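Asker: Need coordinates for the below:
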Amino acid sequence: MRFFGTDKNFEDPKTKKATQNYGCVVVKSNWWPGAISFYANNKSYMIYNGDGLKKDSKTFYPVLPPTMHEDKAEKKTYDEPNPTENWLRKKAELDLKKKKDVEE
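Answerer: Model (predicted):
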């Protein structure tokens, strides 16, 4: 925080009272470089002229992305266990026998 100008009050020529002060208080942000606040004549002003990055104790250096690993070996795949013609024929014969046994 700094004070610029004078800290004396000057007489207003219209009212003949000591009310005018032409000093200015400036506050600079240590956290956001470029952010500055001013206070003068009972008004406050704020200005930001920066790149949107906070000040950090460490300098930011982008890092490379991690290396990609090899794909794992895929498991062996098998065909679905579909019934064969021979199995379907035997199943139909068994169903037919059960149906005849129930009817008798």
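Asker: can you give me the helices for this structure?
Answerer: 85-103 (DSSP state H).
Asker: I'd say residue 31 and residue 50 touch.
Answerer: No: Residue 31 is beyond contact range of residue 50, at 10.9 Å (criterion: Cβ atoms under 8 Å). (Glycine included, C-beta is placed from N, CA and C.)
Asker: So if I had to pick from those two, which one is more boxed in?
Answerer: residue 50 (14 against 8; other Cβ atoms under 10 Å).
Asker: separation between that one and residue 35?
Answerer: Going from residue 50 to residue 35 by Cβ to Cβ, to the nearest Å gives 7 Å.
Asker: could you pull out the strands for this structure?
Answerer: 2-4, 10-11, 18-20, 24-28, 35-40, 43-48 (DSSP state E).
Asker: Are there helices or strands packed against the fourth one, and which ones?
Answerer: This points to strand 24-28. Strand 24-28 is packed against strand 2-4, strand 35-40, with contacts defined by 3 or more Cβ pairs under 8 Å, 6 or more residues apart in numbering; DSSP states H and E.
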